[in-house]
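1. Show me how the following folds:
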Amino acid sequence: MENQGNFMLRRRNAYYFQVQGQLEICNNNFCNFLVWSPGIIIQRIERDREFWRKNLMGLLEVFILNFLLPEICRGCYERIYAFGRISATSAIDAYLRSGPAVPSAL
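-> Below is the predicted model of the structure:
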């Protein structure tokens with residue numbers, strides 16, 4: 001984290017991944033990263049769209065498709081299935097065919 005006497009957040013640090021994800025999702029161009037060590041150190045972190053594309057977008061796609069989407073569809077499925085109209089697989093297939101707004105960078 002230190003570079004020639006100055007503290008800086010390394011690109012391989014988990015906080016850097018978190019900051020870049022939040023910058024992209026919130027559509028901000030920068031943030032001030034604060035560290036108390038003792039005393040306050042502030043580093044301005046610029047949005048890095050290439051880092052986002054190469055390192056985070058695919059992970060988000062996996063999370064959405066494998067964890068979030070099934071949970072959303074399960075709730076819909078349980079309500080619809082109570083009336084005998086559709087299976088969980090059919091609900092997920094229908095959702096995916098409708099073109100969800102998820103990146104396709106895997």
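2. What are the boundaries of the helices in this structure?
-> Under the criterion DSSP state H, helices of the chain are mapped to 14-26, 49-51, 57-63, 69-81, 88-97.
3. what about Val62, distance to Lys54?
-> Distance of Val62 to Lys54, given as CB to CB, to the nearest Å: 15 Å. Every residue, glycine included, has its C-beta placed from N, CA and C.
4. check contacts around the residue nearest to Asp48 when sequence neighbours are not counted.
-> In this structure, Asp48 finds its nearest non-sequential neighbour in Gln20, 5.8 Å apart by CB to CB, 6 or more residues apart in numbering. With contact set as CB atoms under 8 Å, 6 or more residues apart in numbering, Gln20 has these partners: Ile45, Arg47, Asp48, Phe51, Trp52, Asn55, Leu56.
5. let's go with 7 Å and repeat that
-> Asp48, Phe51, Trp52, Leu56 (CB atoms under 7 Å, 6 or more residues apart in numbering).
6. okay, the residues you listed in CSV with neighbour count and pLDDT next?
-> CSV is the format used below for the contacts of Gln20 (neighbours: other CB atoms under 10 Å; pLDDT from 0 to 100):
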residue, neighbour count, pLDDT
Asp48, 17, 97
Phe51, 17, 95
Trp52, 19, 93
Leu56, 19, 90
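7. what's around Leu9, how many residues?
-> 15 (other CB atoms under 10 Å).
8. That one is in contact with Phe33, isn't it?
-> Yes - between Leu9 and Phe33 there is a contact at 5.6 Å, judged by CB atoms under 7 Å.
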